[in-house]
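Asker: Turn this into a model:
(2 chains)
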Amino acid sequence: MIGELVNHPRRAAILGGNRIPFARAGKAYRNVSNQDMLTAALDGLVARFSLQGELLGDVAAGAVLKHAKDFNLTREAVLGSALDSRTPAIDLQRACATGLDGVALVANKIALGQIEVGIGGGVDSTSDAPIEVSGDLRAILHRANSARTTKDRLKALAAIRPSHLKPSAPSAAEVRTGLNMGQHQALSTERWNVTREEQDEIAFESHRRLAAAYEKGFFDDLMTGYQGLARDENLRESTMEKLASLKPAFGGPEGTMTAGNSTPLSDGASTVLIASEEWAERHGHQPLAYIRDVHTRSVDFTSGADLLSAPAYAAPEMLARNGLTLEDMDFVEIHEAFAATVVMILKAWEDEEFGRNELGLEGAFGTVPRDRLNVYGSSLAAGHPFAATGGRIVATLAKTLYEAGPGKLGLISICAAGGQGTVALLESAR
Amino acid sequence: MKLDYTTFVRSAPGRFIAGKTGLPQPTDLPRYEDRAEPILGPVLVLGTSDETERIAEQLLAWDGDVRRHGDDLDRIGTIVVVLDEIATPTDTSSILRGLPAAYKKMRVGGRIVTISRTADSPEPAVNAARAGVEGFVRTLAKEARKGTTANGIVVDDGVALTESSVIGALRFLLAAKSAFVSGQTLRVSAPGGGLPARWEAPLEGRTALVTGAARGIGASIARTLVRDGAKVIILDVPAAGSALADLANEIGAIPIQMDITAADAGRRIVDELTKRDLVLHVLVHNAGITRDKYYVNMDEERWNSVIDVNIAAQLRINDTLLDSDRVGEEFRLVSLASTSGIAGNAGQANYAYSKSAVMGMVAALAPILAERGGTANAVAPGFIETDMTHRIPPVQREIFRRSNSLKQGGLPVDVAETVSFLSSLPAGGCLGQTLRVCGQNLVGR
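Answerer: As a prediction, this is how the structure comes out:
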């Protein structure tokens, strides 16, 4: 039942995170696999927290774009890492919320006293996205594979026709609507009257703030350089003028969504170390933040709801059951799938009608001051390797809260395909 | 197949051709992993002073097969010549009487070490006698074959040969750890910081920071310091992050990703130490870069970047660190110089400047650190087989390899062993020196 107060037996603490810099599709990480990247992200975390040979309670991670052979991706990455090889692992997937849900799974186990320490995270490579063969070719290959004699095998393979060889490229389209995510958001963008300027402003701030964070060394202990990359490859100097000059990418010739205010296809991996307070103390680690709550819900976009609007519902529900309001949040992290998504969610929360009709409140849910929103930049600048985004945001917000001091609260909002949204509430551990 | 003289000359046909044509035939040098015992026996100890007896006793305590005469021996592993009391150059001949015969019997990877007094006596005859030892040792090293090395320990007046710094220097130069150190004199000018509780782990209880540790010599230094018992922090630039993490996981070290040229690098190191509640006993400035170009074509960027990484950053970090409360007892600073900085090297004006500068830095730092029981020294590698030297064109590389008394390039571990020695307690008597690890390279002193 939604709306009931969650009562955790004990607090799950975020001790830190590690990610590899995010790369643009087809660039720095074009020759590495999901498993390579996830292993590197794990190993960097192991190194920073001296977890060599440690037996952890669980590692929960996953990828959105996954090869069939990678069915046990996370476990394989654990085996390739410096962790104790007996550490168990689970693969999970909730589209772009995968990383946050991985963190939630581990945190919940800790909260319930089932495990003491674990890692949540995610990885995605758009450079090495799986390419499927046609159904006909698959049938032929299966037949050839099970043939007992070479003759039978050749006979089976002889059935291949040129038309069978056309690969089916992976598609980001929603199965039930046939529209891809950008096209869906373009509809929402129009419906919510999100302007080009509002979107470009979000994109500009994302780059500016992420660059400033690197400048002050904020990511020194959140990142491990990989394949010669020390910073997110997508990060660049941008101006409002430059952003305004880009052609629309979604929504037709009159569209407002561009390559500048939409997240680029990216490669990367991220991990978060979560533990009980006892474990943290025993190992000499200062927690950064506690995970107070996590909540997921969906919207029925097949009947016309905005595909990426689920967090607009999930966050108010989660805060309400914790007796909190938007004004109580010191920091708000809204994943920038598209700048328009962020603006849409902010508008929904500021909208009295939406508050009354959709959220059952007396008025609007509230306003997020811009100086509390994505303070160290987000996906538009960093890139968005789907399942890796959650771990990036959790670790960034946990450190932000810790540095801000006692009692600070932070909200994470991540939208996902299928009309889903996962949100989380973190509290400073200092 | 790659062109590699050393592999070729060790093959059967290679050996044959080399023997007929007089080409150099480098010996496979035994390292610590091949020979862990401190002394290669039998040991011949020459000398007439009372201190000679103390040295012989020390060698016996290390399970050495110690002899005072070499006549009845077929083979000799180690020769220690104690010349501390010579007052005129003519005093040497009686002490060295048995040496030529013994010298012929040296085993593979043998060791010759002289112990004498520093040539800073006001007495001309005494000073001449002492100064002569250096030329003699350097010549022994040049004539040595089969991987034998010859080195000298020179001890300042007032420091007894039984002091821990002399013992420590002797143990290092006799061990396989000093395989690529030859023709050098190591000066001991103070009693030193005591002996380790266990020689197998001379850095036990000590915390060390190594910069530029992700690869090559830096990684080897980190591995060696861990092997010797230290808790090690490894630092390198963020772009080398995953290599650094892999090494950290391999040896159980703490990784710090940081560009040492950042203005606040020192403060961030101090913060990291504070956060982890650590004090530093050893700082190894290994990080370095080359930007080679003939000086007439060298632009400002090439010059500045090398100067900044190789020396300016070290000075800044030292200042911040030494002002902090994060420096422990018996602090040891070791900085990487280079034989290029001693002899110069065409195309490396910037690099040579920075490496000479390192030698100047440790010389001036030593007395400052000595006030608080610390030391500062430098290690100057010659040709070492690393990714960096493998980028040198093959013919030139072969020439560099052959132009030392051991006729081969050294290994990163050779540099690492010397760094570890200078990081240890007994090296407390080595103040502001630059010790070469070059197989007695032909250039420079």
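Asker: do stretch A:383-403 and chain B meet?
Answerer: No - in this structure, stretch A:383-403 remains apart from chain B according to Cβ under 8 Å from any Cβ of the partner chain; the gap is never smaller than 12.0 Å. Glycine gets a C-beta too; all of them are placed from N, C-alpha and C.
Asker: tell me the mean pLDDT for that stretch?
Answerer: Mean per-residue pLDDT for stretch A:383-403: 98.
Asker: Distance from the chain centre to that stretch, please.
Answerer: 8 Å (Cα atoms, centre = their mean, to the nearest Å).
Asker: try stretch A:48-57
Answerer: Between the centre of stretch A:48-57 and the centre of its chain there are 24 Å (Cα atoms, centre = their mean).
Asker: repeat for stretch B:44-56
Answerer: Stretch B:44-56 sits 25 Å away from the centroid of its parent chain (Cα atoms, centre = their mean).
Asker: Using PDB, write out every CA atom in it.
Answerer: The C-alpha atoms that make up stretch B:44-56 are tabulated as PDB, following Å, rounded to 0.1, in the frame of the first residue of the first chain:
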ATOM      1  CA  LEU B  44      86.600 -12.500   3.000                       C
ATOM      2  CA  VAL B  45      87.200  -9.700   5.400                       C
ATOM      3  CA  LEU B  46      90.500  -7.700   4.900                       C
ATOM      4  CA  GLY B  47      91.700  -5.000   7.300                       C
ATOM      5  CA  THR B  48      93.900  -4.500  10.300                       C
ATOM      6  CA  SER B  49      92.000  -2.100  12.500                       C
ATOM      7  CA  ASP B  50      90.100  -3.000  15.600                       C
ATOM      8  CA  GLU B  51      86.900  -2.000  13.800                       C
ATOM      9  CA  THR B  52      87.600  -4.700  11.200                       C
ATOM     10  CA  GLU B  53      86.900  -7.200  13.900                       C
ATOM     11  CA  ARG B  54      83.600  -5.600  14.700                       C
ATOM     12  CA  ILE B  55      82.600  -5.700  11.100                       C
ATOM     13  CA  ALA B  56      83.600  -9.400  10.900                       C
END
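Asker: Pull out the buried residues from that stretch.
Answerer: Neighbour-count burial for stretch B:44-56 flags B:44-47, B:49, B:51-52, B:54-56 (criterion: 16 or more other Cβ atoms under 10 Å in any protein chain shown).
Asker: could those go into a markdown table alongside distance to residue A:11 and pLDDT?
Answerer: Written out in a markdown table, the entries for the buried residues of stretch B:44-56 read as follows (distance: Cβ to Cβ, whole Å; pLDDT from 0 to 100):
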| residue | distance to residue A:11 | pLDDT |
| --- | --- | --- |
| B:44 | 70 | 96 |
| B:45 | 68 | 96 |
| B:46 | 72 | 96 |
| B:47 | 71 | 95 |
| B:49 | 71 | 93 |
| B:51 | 67 | 93 |
| B:52 | 69 | 95 |
| B:54 | 64 | 95 |
| B:55 | 64 | 96 |
| B:56 | 66 | 96 |
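Asker: Which residue does the stretch 51-200 of chain B have closest to chain A?
Answerer: Evaluated by Cβ to the nearest Cβ, the stretch 51-200 of chain B has residue B:200 as its residue closest to chain A, separated by 22.4 Å.
Asker: how many other residues sit next to whichever residue of chain A sits closest to chain B?
Answerer: Here chain A gets closest to chain B at one residue, residue A:225, 2.9 Å apart by Cβ to the nearest Cβ. Residue crowding around residue A:225 was assessed by other Cβ atoms under 10 Å in any protein chain shown; the count is 24.
Asker: For the residue lying closest to it once chain neighbours are set aside, give me its contacts.
Answerer: Sequence neighbours aside, residue B:241 is the residue nearest to residue A:225 in space, at 2.9 Å (criterion: Cβ to Cβ, 6 or more residues apart in numbering or on different chains). By Cβ atoms under 8 Å, 6 or more residues apart in numbering or on different chains, the contact list for residue B:241 reads A:20, A:44, A:223-226, A:230, B:255, B:257.
Asker: now the helices for the stretch 1-150 of chain B?
Answerer: Counting by DSSP state H, counting those that start in this stretch, the segments of the stretch 1-150 of chain B that form helices are B:5-10, B:12-21, B:50-61, B:92-95, B:99-103, B:124-143.
Asker: wait, the stretch 301-430 of chain A
Answerer: Using DSSP H, counting those that start in this stretch, helices in the stretch 301-430 of chain A cover A:310-321, A:339-350, A:352-357, A:379-382, A:389-404.
Asker: From the chain's centroid, how far away is the longest one?
Answerer: Remark: helix A:389-404 is offset 13 Å from the chain centroid, using Cα atoms, centre = their mean.
Asker: Could you check that helix and say which residues are buried?
Answerer: In terms of neighbour count (16+ other Cβ under 10 Å), helix A:389-404 has its buried residues at A:389-402, A:404.
Asker: That helix - contacts with which helices or strands?
Answerer: Contacting helix A:389-404 under the criterion 3 or more Cβ pairs under 8 Å, 6 or more residues apart in numbering or on different chains; DSSP states H and E are the following elements: strand A:12-19, helix A:98-111, strand A:117-125, strand A:266-276, strand A:289-298, strand A:331-334, strand A:409-416, strand A:420-428.
Asker: Establish whether whatever helix or strand comes next after the first one and chain B are in contact.
Answerer: Beyond strand A:12-19 in the direction of the C-terminus, DSSP states H and E gives the next helix or strand as strand A:23-24. No - with Cβ under 8 Å from any Cβ as the measure, strand A:23-24 is seen stopping short of chain B, the closest distance being 12.9 Å.
Asker: Check what contacts strand A:23-24 and list those residues.
Answerer: With Cβ under 8 Å, 6+ apart as the contact definition, strand A:23-24 has outside contacts at A:29, A:127, A:227, A:229, A:232-234, A:264-268, A:383.
Asker: Rounded mean pLDDT for stretch A:285-304, please.
Answerer: For stretch A:285-304, the per-residue pLDDT averages 96.
Asker: Any buried residues in that stretch, and which?
Answerer: The neighbour-count check on stretch A:285-304 (16+ other Cβ under 10 Å) flags A:285, A:287-297, A:299, A:301 as buried.
Asker: What pLDDT is listed against the residue in chain B that chain A sits nearest to?
Answerer: When distances are taken as Cβ to the nearest Cβ, chain B approaches chain A most closely through residue B:241, which lies 2.9 Å from it. As summarised for this prediction, residue B:241 has a pLDDT of 95.
Asker: And the contacts of residue B:241, which of them are buried?
Answerer: Buried residues within the contacts of residue B:241, defined by neighbour count using 16+ other Cβ under 10 Å: A:20, A:44, A:223-226, A:230, B:255, B:257.
Asker: Could you dump the residues you listed into TSV with pLDDT, secondary structure and distance to residue B:143 added?
Answerer: Formatted as TSV, the entries for these read as follows, by pLDDT from 0 to 100; DSSP: H, G, I helix; E, B strand; the rest coil; distance: Cβ to Cβ, whole Å:
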residue	pLDDT	secondary structure	distance to residue B:143
A:20	98	coil	54
A:44	98	helix	51
A:223	96	strand	55
A:224	97	coil	51
A:225	96	coil	49
A:226	97	strand	51
A:230	95	coil	50
B:255	96	strand	46
B:257	94	strand	48
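Asker: want to throw the residues you listed into a markdown table with distance to residue A:11?
Answerer: As requested, those are exported to a markdown table (distance: Cβ to Cβ, whole Å):
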| residue | distance to residue A:11 |
| --- | --- |
| A:20 | 29 |
| A:44 | 25 |
| A:223 | 26 |
| A:224 | 27 |
| A:225 | 32 |
| A:226 | 32 |
| A:230 | 34 |
| B:255 | 28 |
| B:257 | 30 |
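Asker: Would you mark the buried spots in the helix or strand bottoming out on mean pLDDT in chain A?
Answerer: Of all helical and strand segments in chain A, the minimum by mean pLDDT, DSSP states H and E falls on helix A:135-146, at a mean of 84. Within helix A:135-146, the residues that qualify as buried are A:137, A:140, A:144, counting by 16+ other Cβ under 10 Å.
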